[in-house]
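Student: below: sequence and its predicted model.
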Amino acid sequence: MEIGKVVGRVVSVSKIKELEPVKLFLVQFTDHEFKVKDDFVVAIDTIGVGKDDMVLITQGSGSRFTKISEPVHTDASIVARIDNPDI
Amino acid sequence: MEIGKVVGRVVSVSKIKELEPVKLFLVQFTDHEFKVKDDFVVAIDTIGVGKDDMVLITQGSGSRFTKISEPVHTDASIVARIDNPDI
Amino acid sequence: MEIGKVVGRVVSVSKIKELEPVKLFLVQFTDHEFKVKDDFVVAIDTIGVGKDDMVLITQGSGSRFTKISEPVHTDASIVARIDNPDI
Amino acid sequence: MEIGKVVGRVVSVSKIKELEPVKLFLVQFTDHEFKVKDDFVVAIDTIGVGKDDMVLITQGSGSRFTKISEPVHTDASIVARIDNPDI
Amino acid sequence: MEIGKVVGRVVSVSKIKELEPVKLFLVQFTDHEFKVKDDFVVAIDTIGVGKDDMVLITQGSGSRFTKISEPVHTDASIVARIDNPDI
(Lines give C-alpha, C1' and ligand atoms only; values in the text may rest on other atoms or scores of the structure.)
Protein backbone atom coordinates (compact mmCIF):
# COMPACT_ATOMS: atom_id res chain seq x y z
CA MET A 1 0.00 0.00 0.00
CA GLU A 2 1.05 3.60 -0.40
CA ILE A 3 0.62 6.71 1.71
CA GLY A 4 -1.17 9.77 0.36
CA LYS A 5 -2.76 13.08 1.29
CA VAL A 6 -6.33 13.87 0.26
CA VAL A 7 -6.14 17.10 -1.75
CA GLY A 8 -9.50 17.39 -3.51
CA ARG A 9 -12.58 15.84 -5.07
CA VAL A 10 -13.00 14.69 -8.64
CA VAL A 11 -16.35 15.77 -10.09
CA SER A 12 -17.98 13.62 -12.74
CA VAL A 13 -21.47 13.84 -14.22
CA SER A 14 -21.14 11.25 -17.00
CA LYS A 15 -19.94 8.08 -15.45
CA ILE A 16 -20.64 4.38 -15.33
CA LYS A 17 -23.55 3.43 -13.04
CA GLU A 18 -21.34 1.58 -10.55
CA LEU A 19 -19.36 4.76 -9.86
CA GLU A 20 -22.42 6.84 -8.92
CA PRO A 21 -22.68 6.01 -5.18
CA VAL A 22 -18.97 6.45 -4.44
CA LYS A 23 -16.86 9.53 -3.73
CA LEU A 24 -13.79 10.08 -5.87
CA PHE A 25 -10.84 11.76 -4.18
CA LEU A 26 -7.65 13.11 -5.68
CA VAL A 27 -4.85 11.84 -3.44
CA GLN A 28 -1.22 12.92 -3.77
CA PHE A 29 1.33 10.30 -2.75
CA THR A 30 3.95 11.03 -0.09
CA ASP A 31 7.52 9.87 0.39
CA HIS A 32 8.62 7.74 3.36
CA GLU A 33 8.82 10.85 5.56
CA PHE A 34 5.18 11.78 4.74
CA LYS A 35 6.16 14.69 2.45
CA VAL A 36 3.74 15.17 -0.43
CA LYS A 37 5.00 14.32 -3.94
CA ASP A 38 3.68 15.28 -7.39
CA ASP A 39 2.47 11.76 -8.17
CA PHE A 40 -1.19 11.19 -7.46
CA VAL A 41 -4.08 8.80 -7.89
CA VAL A 42 -7.86 9.10 -8.00
CA ALA A 43 -9.20 6.74 -5.33
CA ILE A 44 -12.64 5.87 -4.00
CA ASP A 45 -13.37 6.47 -0.33
CA THR A 46 -14.29 3.40 1.78
CA ILE A 47 -13.92 4.87 5.30
CA GLY A 48 -15.11 8.50 5.21
CA VAL A 49 -12.21 10.93 4.79
CA GLY A 50 -11.86 14.68 4.40
CA LYS A 51 -9.46 17.15 2.81
CA ASP A 52 -5.85 17.04 4.13
CA ASP A 53 -6.27 13.61 5.73
CA MET A 54 -3.25 11.32 5.46
CA VAL A 55 -4.49 8.00 4.14
CA LEU A 56 -3.46 4.52 3.09
CA ILE A 57 -4.15 3.58 -0.55
CA THR A 58 -4.57 0.05 -1.87
CA GLN A 59 -4.18 -0.36 -5.64
CA GLY A 60 -5.01 -3.15 -8.07
CA SER A 61 -7.47 -5.96 -7.42
CA GLY A 62 -7.07 -5.53 -3.64
CA SER A 63 -8.80 -2.15 -3.96
CA ARG A 64 -12.07 -4.01 -4.61
CA PHE A 65 -11.99 -6.11 -1.41
CA THR A 66 -14.36 -3.89 0.61
CA LYS A 67 -18.16 -3.83 0.65
CA ILE A 68 -18.15 -0.33 -0.83
CA SER A 69 -15.56 -0.96 -3.53
CA GLU A 70 -16.43 -4.52 -4.52
CA PRO A 71 -18.91 -3.70 -7.31
CA VAL A 72 -16.91 -0.72 -8.56
CA HIS A 73 -14.44 -0.91 -11.44
CA THR A 74 -11.82 0.99 -9.48
CA ASP A 75 -8.11 0.30 -9.28
CA ALA A 76 -7.45 2.40 -6.14
CA SER A 77 -9.23 2.73 -2.77
CA ILE A 78 -8.63 4.67 0.45
CA VAL A 79 -8.62 1.95 3.17
CA ALA A 80 -7.32 3.67 6.33
CA ARG A 81 -6.57 7.04 7.88
CA ILE A 82 -2.98 7.32 9.14
CA ASP A 83 -2.38 8.63 12.67
CA ASN A 84 1.40 8.41 12.99
CA PRO A 85 2.69 10.88 15.58
CA ASP A 86 5.28 12.36 13.20
CA ILE A 87 2.75 13.51 10.60
CA MET B 1 -7.52 5.64 -11.27
CA GLU B 2 -5.70 8.22 -13.35
CA ILE B 3 -6.78 11.35 -15.19
CA GLY B 4 -6.24 11.73 -18.91
CA LYS B 5 -7.18 13.75 -21.99
CA VAL B 6 -8.54 12.03 -25.09
CA VAL B 7 -6.20 13.01 -27.95
CA GLY B 8 -7.02 10.62 -30.78
CA ARG B 9 -8.22 7.28 -32.05
CA VAL B 10 -6.19 4.16 -32.63
CA VAL B 11 -7.04 2.49 -35.94
CA SER B 12 -6.67 -1.25 -36.24
CA VAL B 13 -7.81 -3.58 -39.01
CA SER B 14 -6.18 -6.82 -37.85
CA LYS B 15 -7.26 -7.42 -34.32
CA ILE B 16 -8.67 -10.07 -32.06
CA LYS B 17 -12.43 -10.62 -32.45
CA GLU B 18 -13.26 -9.31 -28.97
CA LEU B 19 -11.73 -5.93 -29.82
CA GLU B 20 -13.91 -5.37 -32.91
CA PRO B 21 -16.98 -3.75 -31.28
CA VAL B 22 -15.03 -1.34 -29.05
CA LYS B 23 -13.46 2.04 -29.75
CA LEU B 24 -9.79 2.47 -28.92
CA PHE B 25 -8.72 5.93 -27.77
CA LEU B 26 -5.25 7.33 -27.25
CA VAL B 27 -5.37 9.11 -23.89
CA GLN B 28 -2.54 11.25 -22.53
CA PHE B 29 -2.24 11.30 -18.72
CA THR B 30 -2.32 14.58 -16.80
CA ASP B 31 -0.62 15.70 -13.62
CA HIS B 32 -2.57 16.60 -10.45
CA GLU B 33 -3.33 20.07 -11.88
CA PHE B 34 -4.86 18.55 -15.05
CA LYS B 35 -1.88 19.49 -17.26
CA VAL B 36 -1.23 16.97 -20.02
CA LYS B 37 1.93 14.85 -19.74
CA ASP B 38 3.80 12.78 -22.35
CA ASP B 39 2.76 9.47 -20.81
CA PHE B 40 -0.24 7.89 -22.43
CA VAL B 41 -2.36 4.76 -22.63
CA VAL B 42 -4.65 3.20 -25.23
CA ALA B 43 -8.01 2.67 -23.51
CA ILE B 44 -11.40 1.37 -24.59
CA ASP B 45 -14.40 3.67 -24.29
CA THR B 46 -17.23 2.54 -22.00
CA ILE B 47 -19.21 5.80 -21.72
CA GLY B 48 -19.07 7.60 -25.07
CA VAL B 49 -16.32 10.23 -25.17
CA GLY B 50 -14.94 12.60 -27.77
CA LYS B 51 -11.65 14.32 -28.57
CA ASP B 52 -10.30 16.68 -25.85
CA ASP B 53 -12.55 15.22 -23.13
CA MET B 54 -10.93 14.91 -19.71
CA VAL B 55 -11.55 11.38 -18.50
CA LEU B 56 -10.93 8.91 -15.69
CA ILE B 57 -8.96 5.78 -16.60
CA THR B 58 -9.10 2.47 -14.73
CA GLN B 59 -6.21 0.09 -15.39
CA GLY B 60 -5.62 -3.60 -14.68
CA SER B 61 -8.35 -6.14 -13.98
CA GLY B 62 -10.73 -3.37 -12.84
CA SER B 63 -10.84 -2.13 -16.44
CA ARG B 64 -12.90 -5.21 -17.34
CA PHE B 65 -15.67 -4.59 -14.75
CA THR B 66 -18.14 -2.97 -17.17
CA LYS B 67 -20.61 -4.62 -19.56
CA ILE B 68 -18.72 -3.23 -22.54
CA SER B 69 -15.21 -4.13 -21.34
CA GLU B 70 -15.89 -7.46 -19.63
CA PRO B 71 -15.26 -9.73 -22.64
CA VAL B 72 -12.38 -7.63 -23.96
CA HIS B 73 -8.72 -8.40 -23.19
CA THR B 74 -8.03 -4.79 -22.32
CA ASP B 75 -5.94 -3.45 -19.44
CA ALA B 76 -7.31 0.13 -19.55
CA SER B 77 -10.83 1.59 -19.82
CA ILE B 78 -12.33 5.09 -19.83
CA VAL B 79 -14.92 4.96 -17.02
CA ALA B 80 -15.98 8.60 -16.44
CA ARG B 81 -15.83 12.09 -17.92
CA ILE B 82 -14.36 14.65 -15.48
CA ASP B 83 -16.23 17.91 -14.95
CA ASN B 84 -14.09 19.68 -12.35
CA PRO B 85 -14.56 23.45 -12.49
CA ASP B 86 -10.82 24.12 -12.71
CA ILE B 87 -10.29 22.16 -15.93
CA MET C 1 -2.85 -0.91 -23.56
CA GLU C 2 0.42 0.34 -24.95
CA ILE C 3 1.79 0.78 -28.45
CA GLY C 4 4.95 -0.99 -29.57
CA LYS C 5 7.05 -1.96 -32.58
CA VAL C 6 8.03 -5.59 -33.18
CA VAL C 7 11.84 -5.64 -33.35
CA GLY C 8 12.80 -9.29 -33.03
CA ARG C 9 12.17 -12.81 -31.78
CA VAL C 10 13.17 -14.28 -28.47
CA VAL C 11 14.62 -17.78 -28.85
CA SER C 12 14.21 -20.24 -26.02
CA VAL C 13 14.95 -23.97 -25.94
CA SER C 14 14.39 -24.63 -22.24
CA LYS C 15 10.98 -23.37 -21.35
CA ILE C 16 7.80 -24.36 -19.61
CA LYS C 17 5.53 -26.64 -21.66
CA GLU C 18 2.78 -24.04 -21.99
CA LEU C 19 5.17 -21.65 -23.75
CA GLU C 20 6.14 -24.14 -26.47
CA PRO C 21 3.36 -23.47 -29.03
CA VAL C 22 3.58 -19.66 -28.85
CA LYS C 23 5.88 -17.16 -30.52
CA LEU C 24 7.74 -14.73 -28.30
CA PHE C 25 8.42 -11.29 -29.75
CA LEU C 26 10.61 -8.51 -28.44
CA VAL C 27 8.52 -5.34 -28.73
CA GLN C 28 9.87 -1.85 -28.08
CA PHE C 29 7.31 0.61 -26.73
CA THR C 30 6.62 3.91 -28.52
CA ASP C 31 5.66 7.35 -27.27
CA HIS C 32 2.32 8.99 -28.11
CA GLU C 33 3.68 10.05 -31.52
CA PHE C 34 4.64 6.44 -32.39
CA LYS C 35 8.39 7.04 -31.93
CA VAL C 36 10.22 4.00 -30.58
CA LYS C 37 11.55 4.20 -27.01
CA ASP C 38 14.18 2.10 -25.21
CA ASP C 39 11.61 0.40 -22.98
CA PHE C 40 10.47 -2.98 -24.22
CA VAL C 41 8.53 -6.10 -23.35
CA VAL C 42 8.56 -9.72 -24.47
CA ALA C 43 5.02 -10.51 -25.63
CA ILE C 44 3.31 -13.54 -27.13
CA ASP C 45 1.70 -13.20 -30.54
CA THR C 46 -2.06 -13.83 -30.75
CA ILE C 47 -2.78 -12.40 -34.24
CA GLY C 48 0.20 -13.19 -36.50
CA VAL C 49 2.63 -10.29 -36.72
CA GLY C 50 5.97 -9.70 -38.39
CA LYS C 51 9.08 -7.59 -37.83
CA ASP C 52 8.54 -3.80 -37.84
CA ASP C 53 4.77 -4.11 -37.31
CA MET C 54 3.25 -1.49 -35.01
CA VAL C 55 1.14 -3.34 -32.47
CA LEU C 56 -1.07 -2.98 -29.43
CA ILE C 57 0.12 -4.69 -26.24
CA THR C 58 -2.11 -5.79 -23.35
CA GLN C 59 -0.33 -6.44 -20.06
CA GLY C 60 -1.32 -8.17 -16.84
CA SER C 61 -4.19 -10.63 -16.47
CA GLY C 62 -5.90 -9.19 -19.58
CA SER C 63 -3.07 -10.62 -21.68
CA ARG C 64 -4.47 -14.11 -21.02
CA PHE C 65 -7.99 -13.35 -22.36
CA THR C 66 -7.46 -14.89 -25.82
CA LYS C 67 -7.70 -18.53 -26.92
CA ILE C 68 -3.98 -18.58 -27.69
CA SER C 69 -2.81 -16.88 -24.51
CA GLU C 70 -5.27 -18.31 -21.99
CA PRO C 71 -3.21 -21.37 -20.94
CA VAL C 72 0.10 -19.49 -21.07
CA HIS C 73 1.72 -17.90 -18.01
CA THR C 74 2.39 -14.69 -19.90
CA ASP C 75 1.97 -11.13 -18.65
CA ALA C 76 2.01 -9.47 -22.10
CA SER C 77 0.27 -10.24 -25.42
CA ILE C 78 0.13 -8.63 -28.86
CA VAL C 79 -3.61 -8.16 -29.49
CA ALA C 80 -3.86 -5.89 -32.57
CA ARG C 81 -1.87 -4.45 -35.45
CA ILE C 82 -2.09 -0.64 -35.61
CA ASP C 83 -2.92 1.00 -38.94
CA ASN C 84 -3.01 4.70 -38.05
CA PRO C 85 -2.32 6.87 -41.10
CA ASP C 86 0.43 8.85 -39.31
CA ILE C 87 2.64 5.85 -38.59
CA MET D 1 9.30 -10.04 -5.32
CA GLU D 2 11.35 -7.15 -4.00
CA ILE D 3 13.76 -6.72 -1.12
CA GLY D 4 13.15 -4.17 1.60
CA LYS D 5 14.17 -3.06 5.07
CA VAL D 6 11.57 -2.64 7.82
CA VAL D 7 11.92 0.97 9.04
CA GLY D 8 8.79 1.63 11.09
CA ARG D 9 5.14 1.03 11.89
CA VAL D 10 2.13 2.74 10.35
CA VAL D 11 -0.43 3.71 12.98
CA SER D 12 -4.08 3.82 12.00
CA VAL D 13 -7.14 4.20 14.21
CA SER D 14 -9.80 4.59 11.52
CA LYS D 15 -9.49 1.69 9.19
CA ILE D 16 -11.51 -0.98 7.49
CA LYS D 17 -12.42 -3.92 9.74
CA GLU D 18 -10.28 -6.41 7.80
CA LEU D 19 -7.16 -4.36 8.53
CA GLU D 20 -7.63 -4.41 12.32
CA PRO D 21 -5.86 -7.70 13.19
CA VAL D 22 -2.80 -7.07 10.99
CA LYS D 23 0.37 -5.08 11.57
CA LEU D 24 1.28 -2.46 8.99
CA PHE D 25 4.99 -1.88 8.41
CA LEU D 26 6.72 0.82 6.43
CA VAL D 27 9.35 -0.95 4.33
CA GLN D 28 11.99 0.84 2.26
CA PHE D 29 13.08 -1.01 -0.88
CA THR D 30 16.75 -1.84 -1.48
CA ASP D 31 18.83 -2.09 -4.64
CA HIS D 32 20.40 -5.37 -5.79
CA GLU D 33 23.29 -4.86 -3.34
CA PHE D 34 20.86 -4.53 -0.38
CA LYS D 35 21.38 -0.75 -0.05
CA VAL D 36 18.24 1.07 1.09
CA LYS D 37 16.52 3.33 -1.46
CA ASP D 38 13.97 6.12 -1.00
CA ASP D 39 11.12 4.11 -2.51
CA PHE D 40 8.93 2.35 0.01
CA VAL D 41 5.74 0.44 0.51
CA VAL D 42 3.36 -0.18 3.41
CA ALA D 43 3.08 -3.96 3.79
CA ILE D 44 1.29 -6.29 6.17
CA ASP D 45 3.36 -8.72 8.24
CA THR D 46 2.69 -12.44 7.71
CA ILE D 47 5.76 -13.92 9.45
CA GLY D 48 6.57 -11.78 12.51
CA VAL D 49 9.26 -9.20 11.74
CA GLY D 50 10.93 -6.38 13.64
CA LYS D 51 12.60 -3.06 12.90
CA ASP D 52 15.69 -3.23 10.64
CA ASP D 53 14.88 -6.73 9.36
CA MET D 54 15.64 -7.31 5.68
CA VAL D 55 12.53 -8.83 4.14
CA LEU D 56 10.99 -10.11 0.94
CA ILE D 57 7.88 -8.27 -0.29
CA THR D 58 5.21 -9.72 -2.56
CA GLN D 59 2.97 -7.19 -4.30
CA GLY D 60 -0.33 -7.46 -6.17
CA SER D 61 -2.78 -10.33 -5.88
CA GLY D 62 0.01 -12.68 -4.70
CA SER D 63 0.21 -10.65 -1.49
CA ARG D 64 -3.14 -12.16 -0.45
CA PHE D 65 -2.04 -15.82 -0.79
CA THR D 66 -1.33 -16.38 2.93
CA LYS D 67 -3.75 -17.26 5.74
CA ILE D 68 -3.09 -13.92 7.40
CA SER D 69 -3.36 -11.77 4.29
CA GLU D 70 -6.14 -13.60 2.43
CA PRO D 71 -9.10 -11.62 3.85
CA VAL D 72 -7.23 -8.30 3.82
CA HIS D 73 -7.49 -5.77 0.98
CA THR D 74 -3.74 -5.33 0.87
CA ASP D 75 -1.53 -5.06 -2.19
CA ALA D 76 1.78 -5.80 -0.39
CA SER D 77 2.84 -8.43 2.18
CA ILE D 78 6.09 -9.34 3.94
CA VAL D 79 6.56 -13.05 3.15
CA ALA D 80 10.12 -13.90 4.25
CA ARG D 81 13.08 -12.63 6.24
CA ILE D 82 16.31 -12.50 4.20
CA ASP D 83 19.44 -14.04 5.70
CA ASN D 84 22.01 -13.54 2.93
CA PRO D 85 25.57 -13.49 4.30
CA ASP D 86 26.42 -10.21 2.56
CA ILE D 87 23.68 -8.17 4.27
CA MET E 1 7.53 -10.59 -19.86
CA GLU E 2 10.95 -9.16 -19.18
CA ILE E 3 14.50 -10.38 -19.76
CA GLY E 4 16.93 -10.82 -16.89
CA LYS E 5 20.23 -12.35 -15.86
CA VAL E 6 20.45 -14.65 -12.84
CA VAL E 7 23.02 -13.09 -10.50
CA GLY E 8 22.56 -14.86 -7.17
CA ARG E 9 20.42 -16.67 -4.65
CA VAL E 10 18.30 -15.17 -1.92
CA VAL E 11 18.71 -17.04 1.36
CA SER E 12 15.80 -17.12 3.78
CA VAL E 13 15.35 -19.18 6.94
CA SER E 14 12.15 -17.61 8.26
CA LYS E 15 9.61 -17.76 5.52
CA ILE E 16 6.06 -18.77 4.82
CA LYS E 17 5.53 -22.53 4.42
CA GLU E 18 4.61 -22.25 0.73
CA LEU E 19 7.99 -20.69 -0.08
CA GLU E 20 10.01 -23.56 1.45
CA PRO E 21 10.22 -25.92 -1.55
CA VAL E 22 11.12 -23.21 -4.11
CA LYS E 23 14.42 -21.58 -5.01
CA LEU E 24 14.59 -17.80 -4.89
CA PHE E 25 16.88 -16.12 -7.41
CA LEU E 26 18.00 -12.54 -7.64
CA VAL E 27 17.60 -11.56 -11.30
CA GLN E 28 18.82 -8.27 -12.78
CA PHE E 29 16.76 -6.98 -15.69
CA THR E 30 18.40 -6.22 -19.06
CA ASP E 31 17.66 -3.64 -21.72
CA HIS E 32 16.51 -4.56 -25.23
CA GLU E 33 20.12 -5.33 -26.24
CA PHE E 34 20.52 -7.79 -23.33
CA LYS E 35 22.75 -5.44 -21.30
CA VAL E 36 22.24 -5.81 -17.55
CA LYS E 37 20.56 -2.91 -15.73
CA ASP E 38 20.45 -2.02 -12.03
CA ASP E 39 16.77 -2.93 -11.67
CA PHE E 40 16.14 -6.39 -10.35
CA VAL E 41 13.52 -8.77 -9.04
CA VAL E 42 13.50 -11.80 -6.77
CA ALA E 43 11.86 -14.62 -8.75
CA ILE E 44 11.14 -18.27 -8.12
CA ASP E 45 12.66 -20.86 -10.45
CA THR E 46 10.24 -23.08 -12.40
CA ILE E 47 12.65 -24.58 -14.97
CA GLY E 48 16.03 -25.17 -13.28
CA VAL E 49 18.44 -22.30 -13.92
CA GLY E 50 21.95 -21.43 -12.80
CA LYS E 51 24.05 -18.33 -12.23
CA ASP E 52 24.59 -16.10 -15.30
CA ASP E 53 21.69 -17.66 -17.24
CA MET E 54 19.65 -15.21 -19.31
CA VAL E 55 16.02 -15.83 -18.48
CA LEU E 56 12.46 -14.73 -19.14
CA ILE E 57 10.52 -13.37 -16.16
CA THR E 58 6.73 -13.32 -15.83
CA GLN E 59 5.34 -10.95 -13.22
CA GLY E 60 1.93 -10.56 -11.58
CA SER E 61 -0.75 -13.22 -11.46
CA GLY E 62 0.73 -14.95 -14.54
CA SER E 63 3.75 -15.88 -12.42
CA ARG E 64 1.55 -18.39 -10.57
CA PHE E 65 0.41 -20.30 -13.71
CA THR E 66 2.91 -23.18 -13.39
CA LYS E 67 2.70 -26.33 -11.27
CA ILE E 68 5.65 -25.19 -9.19
CA SER E 69 4.51 -21.59 -8.68
CA GLU E 70 0.74 -22.11 -8.35
CA PRO E 71 0.60 -22.54 -4.55
CA VAL E 72 3.28 -19.91 -3.90
CA HIS E 73 2.48 -16.29 -3.07
CA THR E 74 5.03 -15.03 -5.56
CA ASP E 75 4.69 -12.12 -8.00
CA ALA E 76 7.61 -13.12 -10.26
CA SER E 77 8.71 -16.44 -11.83
CA ILE E 78 11.50 -17.53 -14.18
CA VAL E 79 9.65 -19.30 -17.02
CA ALA E 80 12.26 -19.80 -19.79
CA ARG E 81 15.98 -19.70 -20.50
CA ILE E 82 16.85 -17.41 -23.43
CA ASP E 83 19.12 -18.74 -26.16
CA ASN E 84 19.28 -15.82 -28.59
CA PRO E 85 22.46 -15.96 -30.72
CA ASP E 86 23.38 -12.34 -29.89
CA ILE E 87 23.60 -12.87 -26.13
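Tutor: Received, thanks.
Student: contacts and neighbour counts: CA atoms only from here.
Tutor: Will do.
Student: in the longest strand belonging to chain A, what's buried?
Tutor: Counting by DSSP state E, the longest strand found in chain A is strand A:36-45. By neighbour count on 16 or more other CA atoms under 10 Å in any protein chain shown, the buried set for strand A:36-45 is A:36, A:40-45.
Student: ok, stretch A:11-29 next?
Tutor: A:12, A:14-16, A:18-19, A:23-29.
Student: kindly reformat those residues as JSON lines and extend each row with distance to chain E and secondary structure.
Tutor: JSON lines is the format used below for those (distance: CA to the nearest CA, whole Å; DSSP: H, G, I helix; E, B strand; the rest coil):
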{"residue": "A:Ser12", "distance to chain E": "31", "secondary structure": "coil"}
{"residue": "A:Ser14", "distance to chain E": "32", "secondary structure": "coil"}
{"residue": "A:Lys15", "distance to chain E": "29", "secondary structure": "strand"}
{"residue": "A:Ile16", "distance to chain E": "27", "secondary structure": "coil"}
{"residue": "A:Glu18", "distance to chain E": "25", "secondary structure": "helix"}
{"residue": "A:Leu19", "distance to chain E": "26", "secondary structure": "helix"}
{"residue": "A:Lys23", "distance to chain E": "29", "secondary structure": "coil"}
{"residue": "A:Leu24", "distance to chain E": "27", "secondary structure": "strand"}
{"residue": "A:Phe25", "distance to chain E": "27", "secondary structure": "strand"}
{"residue": "A:Leu26", "distance to chain E": "26", "secondary structure": "strand"}
{"residue": "A:Val27", "distance to chain E": "25", "secondary structure": "strand"}
{"residue": "A:Gln28", "distance to chain E": "25", "secondary structure": "strand"}
{"residue": "A:Phe29", "distance to chain E": "22", "secondary structure": "strand"}
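Student: low-confidence ranges, chain A, go.
Tutor: Residues of chain A meeting the criterion pLDDT under 70: none.
Student: redo that, cut-off 90
Tutor: Applying pLDDT under 90 to chain A flags residues A:12-21, A:32-33, A:62-73, A:84-87.
Student: residues of it that sit close to chain D?
Tutor: A:1-3, A:31-32, A:46-47, A:58-66, A:79-84 (CA under 8 Å from any CA of the partner chain).
Student: which of those are buried? Put it as a ChimeraX command.
Tutor: Selecting only the buried entries of those in ChimeraX, with 16+ other CA under 10 Å as the criterion:
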select /A:1,2,3,32,46,47,58,59,60,61,62,63,64,65,66,79,80,81,82
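Student: cross the residues of chain A next to chain D against strands and list the overlap.
Tutor: Those of these lying in strands (DSSP E): A:2-3, A:58-59, A:79-81.
Student: contacts only, for A:Leu26.
Tutor: The contact partners of A:Leu26, taken as CA atoms under 8 Å, 6 or more residues apart in numbering or on different chains, are A:6-10, A:40-43, B:32.
Student: ok, and the closest non-adjacent residue to the residue of chain A found nearest chain B?
Tutor: Relative to chain B, the nearest point of chain A is A:Lys15 (4.1 Å; CA to the nearest CA). Computed as CA to CA, 6 or more residues apart in numbering or on different chains, the closest residue to A:Lys15 that is not its neighbour in sequence is B:Ala80, at 4.1 Å.
Student: turn the buried residues of strand A:36-45 into JSON lines, including distance to C:Glu70.
Tutor: Supplementary listing: the buried residues of strand A:36-45 in JSON lines, determined by distance: CA to CA, whole Å:
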{"residue": "A:Val36", "distance to C:Glu70": "41"}
{"residue": "A:Phe40", "distance to C:Glu70": "33"}
{"residue": "A:Val41", "distance to C:Glu70": "31"}
{"residue": "A:Val42", "distance to C:Glu70": "31"}
{"residue": "A:Ala43", "distance to C:Glu70": "30"}
{"residue": "A:Ile44", "distance to C:Glu70": "31"}
{"residue": "A:Asp45", "distance to C:Glu70": "34"}
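Student: got the contact list for A:His73?
Tutor: A:His73 neighbours (CA under 8 Å, 6+ apart): A:18-19, A:64, B:58, B:62-66.
Student: what about 6 Å?
Tutor: Counting by CA atoms under 6 Å, 6 or more residues apart in numbering or on different chains, A:His73 touches B:62, B:65.
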